[in-house]
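Chemist: please find the sequence and the predicted model below.
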Amino acid sequence: MKLPRSSKMATSLAAATFAFIASSASAEPVKDDQLIVNGEEEIATEAPAPPHLDGAVGDTIYSGWLFRDTETRAMQKDDFDNPMFLFVDAGIEAWNTREGTAEKSCADCHNEIEDSMKGLRAELPKVTPEGELWSLENYVNDCRTNRMGAEPWGWNSQEMKNMTAAIGVQSRGMPVAVEIDGDAAPFWEKGKDMYYTRYGQLEMSCANCHEDNFGNYIRSDHLSQGQINGFPLYRLKDQGAVSTHQRFVGCVRDTRGVPFEAGSQEFRELELYVASRGLGLLVETPAVRH
Amino acid sequence: MQRIFLLTFVVAGIGAAAMAEIAPDQVLWAEDGSIQESLTDTPGNPDEGEVIMATNALGNCVACHAVEAMPDVPFQGNIAPQLDGVADRWTEAELRGIVVDAKRIFPESFMPGMYKVGPFIRPGVAYTAKPPEMPEDIKPILSAQQVEDVVAYLMTLSE
């Protein structure tokens, strides 16, 4: 347990405010652990902060892995201990399964998932030639409906999480590389606005928790920078896989707010912006959190 | 004519019932973000206030603030200033203002208004993620009496 023992507050407001600022600047990700997956693949869990953040989080961006406890971190170090790999396996099975009126599988068009899907997760969401902002889930459902003649999967359905995990892990260890200029810029700007909007009765923005206070504790919750380089991930508390938008829904609900829908235009814009706050961090999909 | 008379009567009736309590939108703010007048007729109970501050479903002040005077409360947050000694730093009226809506004194504060019902951006009904069907569905986080209880407890925190 971590009880702050910051010096007794001085009597003036100035001193109290100063102490508050000082304590919030002391981010405390773990310093003495390294993410080495399966004893061989070393994944850096911090990176220089991207220039567009303009120093808002200091010099360094950190993976959420560094803010979790020892046991949770350990589970992500070994694919046998990482419960997400059951879902990755199911995703790979679905990849090879023919479905829909076209009686085609993903593999029929894309061949080996290891080759064709490598690097994709790191670039998403991105703008399509038609000018729409698409997340990985959109691409999956586009193939299902338009090329396989199959039903689309629900954004947060188990099938979708299996597939996004199976595709995502093919980019594990590659740096997040979303495009934020050009066609993407207007979406990115909207996502940025959302990130700083104070939602709900508690009037809290993403930035209040994940920019101003990462490293601090809200009750027993150790606040991370709210990075999404590990999604979809396994959440021990939910005993299941959690998608990026599902996490956003939870965080907005926790402000006593009304979240946008998973898969909505708004959350895809927010996803692009949050992904860009992790530019340079390595993809960790599928991560483990508690 | 008769109808107007009836209406007046009903409104007066509500007024009488509400006398004991100042509604969130009726709070009398001083220029400096303090509130002189108690929100209720009943003096705050500091023991109740302590429970409210430490209870997740109520004030949950310890989510952000540590209070050394509550050594038995585990997992106190370190987002916000430690509250020991606040009674030396602030008057009762200022503390009432901070608890009701801290943004009056600290404009960009992270601290939620505990006796505030809007305006908010996309407010939900508590943690249901559901929008209110009518404005009254957004209830203040603490009741008027709970605010007074919390203020009474804060007033015990002098060093």
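Modeler: Structure's in. What do you need?

Chemist: show me what counts as buried in stretch B:79-90.
Modeler: B:Ile79, B:Ala80, B:Pro81, B:Gln82, B:Leu83, B:Asp84, B:Gly85, B:Val86, B:Ala87, B:Arg89, B:Trp90 (16 or more other Cβ atoms under 10 Å in any protein chain shown). C-beta here means a position set from N, CA and C on the backbone, and glycine is covered the same way.

Chemist: quick check: end-to-end length of it?
Modeler: By Cα to Cα, to the nearest Å, the extent of stretch B:79-90 from end to end equals 20 Å.

Chemist: once you drop chain neighbours, what's closest to A:Ser105?
Modeler: Leaving aside its sequence neighbours, A:Ser105 sits nearest to A:Arg98 (Cβ to Cβ, 6 or more residues apart in numbering or on different chains; 4.6 Å).

Chemist: a markdown table for the buried residues of stretch B:79-90, including pLDDT, distance to A:His52 and secondary structure?
Modeler: What follows is these, written out as a markdown table (pLDDT from 0 to 100; distance: Cβ to Cβ, whole Å; DSSP: H, G, I helix; E, B strand; the rest coil):
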| residue | pLDDT | distance to A:His52 | secondary structure |
| --- | --- | --- | --- |
| B:Ile79 | 96 | 26 | coil |
| B:Ala80 | 97 | 29 | coil |
| B:Pro81 | 97 | 32 | coil |
| B:Gln82 | 97 | 35 | coil |
| B:Leu83 | 98 | 37 | coil |
| B:Asp84 | 98 | 40 | coil |
| B:Gly85 | 97 | 41 | coil |
| B:Val86 | 98 | 39 | helix |
| B:Ala87 | 98 | 44 | helix |
| B:Arg89 | 97 | 39 | helix |
| B:Trp90 | 98 | 39 | coil |
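
Chemist: among those residues, which two are most distant?
Modeler: B:Ile79 and B:Ala87 (20.9 Å; Cβ to Cβ).

Chemist: need the contact list for the most centrally placed residue in chain A.
Modeler: Residue closest to the average C-alpha location in chain A (Cα atoms, centre = their mean): A:Ile228, at 1.5 Å. A:Ile228 makes contact with A:Thr244, A:Arg247, A:Glu271, A:Val274, A:Ala275, A:Gly278 under the criterion Cβ atoms under 8 Å, 6 or more residues apart in numbering or on different chains.

Chemist: of those, which belong to helices?
Modeler: A:Thr244, A:Arg247, A:Glu271, A:Val274, A:Ala275 (DSSP state H).

Chemist: would you write a PyMOL line that selects the buried entries of these?
Modeler: Restricted to buried positions by 16+ other Cβ under 10 Å, the PyMOL selection for those reads:
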select buried, chain A and resi 244+247+271+274+275
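
Chemist: between the ones in helices among the contacts of A:Ile228, which is nearest B:Met155?
Modeler: Closest approach to B:Met155 among the ones in helices among the contacts of A:Ile228 (Cβ to Cβ): A:Arg247, at 40.2 Å.

Chemist: quick one, what contacts the closest one?
Modeler: The contact partners of A:Arg247, by Cβ under 8 Å, 6+ apart, come to A:Ile228, A:Phe231.

Chemist: what's the following helix or strand after the helix or strand of chain A with the lowest mean pLDDT?
Modeler: Lowest on mean pLDDT, DSSP states H and E among the helices and strands of chain A sits helix A:13-25, with a mean of 36. Downstream of helix A:13-25, the first helix or strand assigned by DSSP states H and E is strand A:35-37.

Chemist: now do that next one: distance to the chain's middle.
Modeler: Average the C-alpha atoms of strand A:35-37, do the same for its chain, and the two points are 18 Å apart (Cα atoms, centre = their mean, to the nearest Å).

Chemist: any buried residues in it, and which?
Modeler: For strand A:35-37, the neighbour count (16+ other Cβ under 10 Å) marks A:Leu35, A:Val37 as buried.

Chemist: give the other helices and strands that it contacts.
Modeler: In terms of contacts (3 or more Cβ pairs under 8 Å, 6 or more residues apart in numbering or on different chains; DSSP states H and E), strand A:35-37 is packed against strand A:41-43.

Chemist: any idea how many residues pack against the residue nearest to A:Ala287 when sequence neighbours are not counted?
Modeler: Among residues not flanking A:Ala287 along the chain, A:Gly230 sits closest, at 2.7 Å (Cβ to Cβ, 6+ apart). For A:Gly230, the neighbour count with other Cβ atoms under 10 Å in any protein chain shown is 26.

Chemist: so who does the nearest residue to A:Pro286 once chain neighbours are set aside touch?
Modeler: Once flanking residues are discounted, A:Pro286 sits nearest to A:Met84: 3.4 Å by Cβ to Cβ, 6+ apart. A:Met84 makes contact with A:Ala165, A:Pro232, A:Leu233, A:Tyr234, A:Ala241, A:Pro286, A:Ala287, A:Val288, according to Cβ under 8 Å, 6+ apart.

Chemist: so who does the third one touch?
Modeler: Contacts for A:Leu233 (Cβ under 8 Å, 6+ apart) come out as A:Met84, A:Ala241, A:Val242, A:Thr285, A:Pro286, A:Ala287, A:Val288, A:Arg289.

Chemist: the fourth one too?
Modeler: With contacts defined as Cβ under 8 Å, 6+ apart, the neighbours of A:Tyr234 are A:Met75, A:Asn82, A:Pro83, A:Met84, A:Gly240, A:Ala241, A:Val242, A:Pro286, A:Ala287, A:Val288, A:Arg289.

Chemist: one more: the second one?
Modeler: Applying Cβ under 8 Å, 6+ apart, we find A:Pro232 in contact with A:Met84, A:Phe87, A:Lys161, A:Thr164, A:Ala165, A:Gly168, A:Ala241, A:Val242, A:Ser243, A:Thr244, A:Thr285, A:Pro286.

Chemist: alright, calling it a day.
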